[in-house]
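A.B. asks: sequence isn't available, so here's the structure alone:
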């Protein structure tokens, strides 16, 4: 079975293509996340370089209590001359007096870790953690934390709802707590490149979530030797917060845009479908109950394709109405035009009959009179529809008993159609309708004549009058050939006949049922024809409203 979709369903399916826009936006957000992470990595390298620059050529910063000062030999270049500052190489000096000791106090011991921590406090950042590590992988100082204010605030409501629904919110909080508690210094493998004098950067994953730690390391030079390294670490909480907000806004805007676009498309499709259905209804109603064709009641004035189609239908129906009117009036015009030559031929034949003619000519005169009589009957039939329309226009409807009219007509048919057996089924009460009794009798004449012509010999013609709630149904059925499919819907039109051949002595022009339809329309009813259920005959019915 072939599926059929309306315009609204088709446009609704087309609107699903708008779902590609959120996908493109989602890919763009992920590309933005990658770009921000690369920018964050470059910023951390710059921060590590700046901190290391502040610590270059300051060997005293690496001297701490309990560890001893850094040897000068370790802080100068190999080809430089080393001064021997031992006690045995220095000349003897007089012992200083107590006053001199007061005037020249000994220099205090330098705590490098405190100085480095003081320097880092000036460079401290809320979202980064800075480590200063010496060449022995011992932590000199550490400052900052890995949790950003964006991580503390948390994601937006939509993202938070989704994470809560999927259980990711609990895991995210556990990872944040682990980050807060984790103060493990970087491994030697991670900072090995920096201790060898190269700037390095890397990414360290945290758990199974999206949060990672981006780190950068830069060497600290003292003279021409790497004395330590600065390691700057920062989590991607801020980037993920930006990403989540972007995805949240993208989701809300996409859903809003998709809803608006769907409503607009459905509204457009509904209006388009309504206009097309209205055009279809107007085209169907352009043909009235009598078969006359008129233009569209309200041709569209819109400038789109549907408006053009409506105007084209209106022009087409107008041309068909003109042609239909020409065909309807052709019979009366032919009848009027042919009466004069027929009268001339008839008078000529009458004059010929008055003159003495040979016996052989009498046969030709009789044939001419028979053909003239048949031609006169044809002209009378052709003008019958026109006379009926004129009679209907001047007839005043009245209330009468249709049952009595049908009963009298059936009695007369039994005398006139002796060779045809008639069966009548009438109700036991009067059937009051509004119209003209003589026209109703003429309607029944046309139906009975049509049934008698098509009935199989020695089969009855059944006339039945029935009443329902609001109408009376007058049916005439006969046993005979079925109604041809080619005549379905056209049987009651002018000049349409289902008979084969020339009709013999009694010409049939297809006007009998057309006249019957005119009479039924005058009574406010309609005609219909159908094949009998057993398929061996036809039933023609006239439905007339009750008075």
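C.D. replies: Here it is on my side, so go on. Since the model is a prediction, treat every value here as computed from it, not as a measurement. Numbers count the residues shown, from 1 in each chain.
A.B. asks: all contacts plus neighbour counts: C-alpha atoms, from now on.
C.D. replies: Fine.
A.B. asks: and residue 265, how close does it get to residue 30?
C.D. replies: Residue 265 sits at a distance of 31 Å from residue 30 (criterion: Cα to Cα, to the nearest Å).
A.B. asks: more crowded one of those two?
C.D. replies: Taking neighbours as other Cα atoms under 10 Å, residue 265 and residue 30 compare with residue 265 leading, 19 against 14.
A.B. asks: return the distance of the helix or strand hosting that one from the chain's centre.
C.D. replies: For residue 265, the element it lies in under DSSP states H and E is helix 237-285. Mean C-alpha position of helix 237-285 versus that of the full chain (Cα atoms, centre = their mean, to the nearest Å) differs by 9 Å.
A.B. asks: for whichever helix or strand comes after that helix, packing partners?
C.D. replies: Proceeding N to C from helix 237-285, the next assigned helix or strand is helix 305-354, under DSSP H and E. Contacting helix 305-354 under the criterion 3 or more Cα pairs under 8 Å, 6 or more residues apart in numbering; DSSP states H and E are the following elements: helix 237-285, helix 359-394.
A.B. asks: could you dump these to JSON lines with mean pLDDT?
C.D. replies: As requested, the helices and strands packed on helix 305-354 are exported to JSON lines (pLDDT from 0 to 100):
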{"stretch": "helix 237-285", "mean pLDDT": "83"}
{"stretch": "helix 359-394", "mean pLDDT": "75"}
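A.B. asks: residue 357 should be in a helix, yeah?
C.D. replies: No - under DSSP: H, G, I helix; E, B strand; the rest coil, residue 357 falls outside any helix and is assigned coil.
A.B. asks: how about the strands in the stretch 101-250 of the chain?
C.D. replies: Chain-ordered strands for the stretch 101-250 of the chain, with DSSP state E, counting those that start in this stretch as the definition, fall at 128-134, 139-144, 200-205, 212-222, 225-235.
A.B. asks: give me the residues contacting the fourth one.
C.D. replies: Outside of strand 212-222, the residues that reach it under the criterion Cα atoms under 8 Å, 6 or more residues apart in numbering are 40-41, 44-45, 48-49, 52-53, 55-59, 75-76, 191, 194-206, 226-236.
A.B. asks: buried subset of those as a ChimeraX selection?
C.D. replies: Here is the ChimeraX selection string for the buried members of the contacts of strand 212-222, based on 16 or more other Cα atoms under 10 Å:
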select :40,41,44,45,48,49,52,55,56,57,59,75,191,194,195,197,199,200,201,203,226,227,228,229,230,231,232,233,234,235,236
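A.B. asks: which segments of the chain make up each domain?
C.D. replies: The chain breaks down into these domains under automatic domain parsing: 7-70+109-248, 286-394, 396-547.
A.B. asks: list the beta-bridge partners for residue 541.
C.D. replies: Per DSSP bridges, the residues bridged to residue 541 are residue 475, residue 528.
A.B. asks: which ones are touching residue 464?
C.D. replies: Residue 464 sits next to 424-426, 473-476 when contact means Cα under 8 Å, 6+ apart.
A.B. asks: roughly how far apart are the residue lying closest to it once chain neighbours are set aside and residue 445?
C.D. replies: Once its chain neighbours are removed from consideration, residue 464 has its nearest residue in residue 425; the separation is 4.6 Å (Cα to Cα, 6 or more residues apart in numbering). Remark: distance between residue 425 and residue 445 (Cα to Cα) = 17 Å.
A.B. asks: and what of residue 281?
C.D. replies: With distances taken as Cα to Cα, residue 281 is found 35 Å from residue 445.
A.B. asks: between these two, point out the one with more neighbours.
C.D. replies: Each of residue 281 and residue 445 had its neighbours counted (other Cα under 10 Å), and the higher figure belongs to residue 445 (18 against 12).
A.B. asks: verify the assumption that that one is located in a strand.
C.D. replies: No - assignment of residue 445 by three-state DSSP gives helix, placing it outside any strand.
A.B. asks: so what's the residue count around residue 534?
C.D. replies: Using other Cα under 10 Å, the number of residues around residue 534 comes to 7.
A.B. asks: need the three-state assignment for it.
C.D. replies: Here residue 534 is coil, with the state taken from three-state DSSP.
A.B. asks: dump the strands of the stretch 101-250 of the chain to CSV, plus distance to residue 327 and mean pLDDT.
C.D. replies: Compiled in CSV, the strands of the stretch 101-250 of the chain are given as follows (distance: least, Cα to Cα, whole Å; pLDDT from 0 to 100):
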stretch, distance to residue 327, mean pLDDT
strand 128-134, 97, 88
strand 139-144, 101, 86
strand 200-205, 91, 86
strand 212-222, 89, 90
strand 225-235, 91, 90
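A.B. asks: dump those into TSV; add distance to residue 414 as well.
C.D. replies: As requested, the strands of the stretch 101-250 of the chain are arranged in TSV below (distance: least, Cα to Cα, whole Å):
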stretch	distance to residue 414
strand 128-134	116
strand 139-144	120
strand 200-205	108
strand 212-222	107
strand 225-235	110
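A.B. asks: quick one: closest of those strands to residue 251.
C.D. replies: For residue 251, the closest of the strands of the stretch 101-250 of the chain is strand 212-222, at 24.5 Å, according to Cα to Cα.
A.B. asks: relative to helix 237-285, how tilted is that closest one?
C.D. replies: For strand 212-222 and helix 237-285, the angle between their directions (axes from the mean of the first three to the mean of the last three Cα atoms, to 10 degrees) works out to 150 degrees.
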